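Engineer: any chance you can model this:
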Amino acid sequence: MEPSRSWRRAILHVDMDAFFAAVEVLDNPSLAGKPVIVGGTPEGRGVVSTASYEARRFGVRSAMPAATAVRLCPQGIFLWPRMGRYAEVSGRVFKALEEVSPLVEGLSIDEAFVDATGCCRGADPWRMERGRFAIEDLAADVQARIETATGGLTASVGIAENKFLAKVASDLRKPRGQVVVPPGTGPGFLAPLPVERLWGVGPRTAEALHGIGLRRIGNVAETPEEKLQALLGADLASHLKRLSQGIDDRPVEAHLEARSVGRETTFAEFLSPSDRDGIEGVLFALADDVAFRLRADALWCRTVQLKVRDGKFRTCTRSRTLREPTQVVEDIYGAARALFSERIRLGRERVRLLGVTASNLVHEPLRQLELFDGRTAERERAESAARASDEIRRKLGDGAITRGRLLGRGRVRPR
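Structural biologist: Take a look at the predicted model:
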């Protein structure tokens, strides 16, 4: 339905609550109420992907090294991620969202923007009904649809005129929260929040803002843009000034053609550049996830990009174009590992972040037939084996079939 141009936009940001951990509890109800930590092992290897709210009370959070999580929450129940299962449940969530509005923009496997401007029974989403905005009832309906579609998983929803305000709102009341930012109230809503809530404010930018006394978003909104430009540069200053005033004109863009598939992780405790075993283990896990997502979307990549950020927040990206398109982990990991070994120079700086991205995507491999060395047939066999492995993981869980590489690194326990 085409929304009236006279209506203010109504954007929902839907964020699943502790998604990976919630799926594990859904599949194993005996875990309910316990500190579930998805990612890493009880021996302290790997990185936390998601922690249940029970585990978060001990200070465990996403992207934390498992070794730190073990110290904070020794009674935690550590589970290796089952990406196939999470993708299956995510599909149900997105299907439920698309039943409400055709304008659904996925941000990740567990969150999305929904443009619900024209979805409130054809009426203005910001009209008041029984002391509530019509859009609030629609948001509650979205939450109920998700719970029904997934068998009980919950989501938190932020409701606002634009993406930024909706995203911030959804983070403020979890789990199963609903926070609404009525039209015209954005600046007042944002003012008391820390500057770290602004998109684009990382640790270094936050430190710079704190250095001139700007700790709240309201402080940024009140600061002359010229002063921000002197500190941050023109582009970032303009971006943060607009966000601090609650301005975000970007539309919800549904069904965008994938330009890249990537995964990255930040370490609360930095990795030593000499810890090649740990670095290569993380690179392989990232590449494995990227390859799985490529196969799920029937995509092949021609380029692999490695992203490394050191302890001083300096970011280095390096890429390599492959001889042939691929969707198997060995090729993606091999390229990422070679890029790290050959083109990353850290000196004594430790590793804060690692990321692997597949780009230059195609829907068909379009390979040259290599009749004499059999490379084409060998590659197709590898892809077929990987897809068969994916199917087993979807049906029986990731623990049903595990790569020897991960076992060798001690990242998962053999079953």
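Engineer: show me the contacts for the closest residue to Val252 other than its chain neighbours.
Structural biologist: Counting by CB to CB, 6 or more residues apart in numbering, Val252 lies nearest to Asp115, which is 3.9 Å off, once chain neighbours are set aside. C-beta: built from backbone N, CA, C; applies to glycine. Shown in contact with Asp115 (CB atoms under 8 Å, 6 or more residues apart in numbering): Arg9, Ala10, Ile11, Ser101, Leu103, Pro251, Val252.
Engineer: wait, the first one sits on Leu165?
Structural biologist: Okay, so that is Arg9. No. Contact criterion CB atoms under 8 Å: Arg9 and Leu165 do not qualify, at 10.4 Å.
Engineer: what does the helix or strand hosting Pro325 contact?
Structural biologist: Applying DSSP states H and E as the criterion places Pro325 in strand 315-326. For strand 315-326, contacts defined as CB under 8 Å, 6+ apart pick out 300-310, 331-332, 335, 338-339, 343-344, 353, 359-360, 362, 365-368, 379.
Engineer: kindly write the ChimeraX command that selects the buried subset of the residues you listed.
Structural biologist: ChimeraX command restricting the contacts of strand 315-326 to the buried ones, with burial defined by 16 or more other CB atoms under 10 Å:
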select :300,301,302,303,304,305,306,307,308,309,310,331,332,335,339,344,353,359,360,365,379
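Engineer: among the contacts of strand 315-326, which ones are in strands?
Structural biologist: 300-310, 353, 359-360, 362 (DSSP state E).
Engineer: next, the closest residue to Val38 other than its chain neighbours: phi, psi?
Structural biologist: Counting by CB to CB, 6+ apart, the nearest residue to Val38 once its immediate chain neighbours are dropped is Phe20, at 4.2 Å. Main-chain torsions, Phe20, degrees, to the nearest 10: phi -60, psi -50.
Engineer: any idea how far Arg293 is from Ala335?
Structural biologist: 16 Å (CB to CB, to the nearest Å).
Engineer: for Thr68, same thing?
Structural biologist: Distance from Thr68 to Arg293, by CB to CB: 27 Å.
Engineer: let's see which of the contacts of Asp115 end up in strands.
Structural biologist: Ile11.
Engineer: from the contacts of Asp115, list just the buried residues.
Structural biologist: Arg9, Ala10, Ile11, Ser101, Leu103, Val252.
Engineer: so what pLDDT did the first one get?
Structural biologist: Going back to what we said before, that points to Arg9. What the model reports as pLDDT for Arg9 is 91.
Engineer: I figured Pro42 hits Gln75, correct?
Structural biologist: No. Using CB under 8 Å, Pro42 is not in contact with Gln75; the gap is 10.3 Å.
Engineer: who's more crowded, the two?
Structural biologist: Pro42 (14 against 10; other CB atoms under 10 Å).
Engineer: please tell me how far the closest residue to that one other than its chain neighbours sits from Ala51.
Structural biologist: Nearest residue to Pro42, sequence neighbours excluded (CB to CB, 6+ apart): Phe78, at 4.9 Å. Using CB to CB, Phe78 is found at 10 Å from Ala51.
Engineer: residue ranges with poor pLDDT in the stretch 251-400 of the chain?
Structural biologist: 255-258, 268, 365-400 (pLDDT under 70).
Engineer: what ranges does it have for its helices?
Structural biologist: 276-296, 329-343, 375-396 (DSSP state H, counting those that start in this stretch).
Engineer: thinking again about what came up before, between the ones in strands among the contacts of strand 315-326, which sits nearest Asp277?
Structural biologist: Val308 (16.7 Å; CB to CB).
Engineer: so who does that closest one touch?
Structural biologist: Thr315, Cys316, Thr317, Phe340, Ile344, Leu346, Val351, Leu353, Leu354, Gly355.
Engineer: do I have it right that the fifth one meets Leu306?
Structural biologist: Meaning Ile344. Yes. Assessed by CB under 8 Å, Ile344 is found in contact with Leu306 at 7.4 Å.
Engineer: flag every buried residue along the host helix or strand of Arg145.
Structural biologist: For Arg145, the element it lies in under DSSP H and E is helix 134-150. Across helix 134-150, burial judged by 16+ other CB under 10 Å covers Ala134, Ile135, Glu136, Leu138, Ala139, Val142, Gln143, Arg145, Ile146, Ala149, Thr150.
Engineer: do stretch 120-134 as well
Structural biologist: Cys120, Asp124, Pro125, Trp126, Phe133, Ala134.
Engineer: Ala155: which of the contacts of Val308 is nearest?
Structural biologist: Gly355 (26.4 Å).
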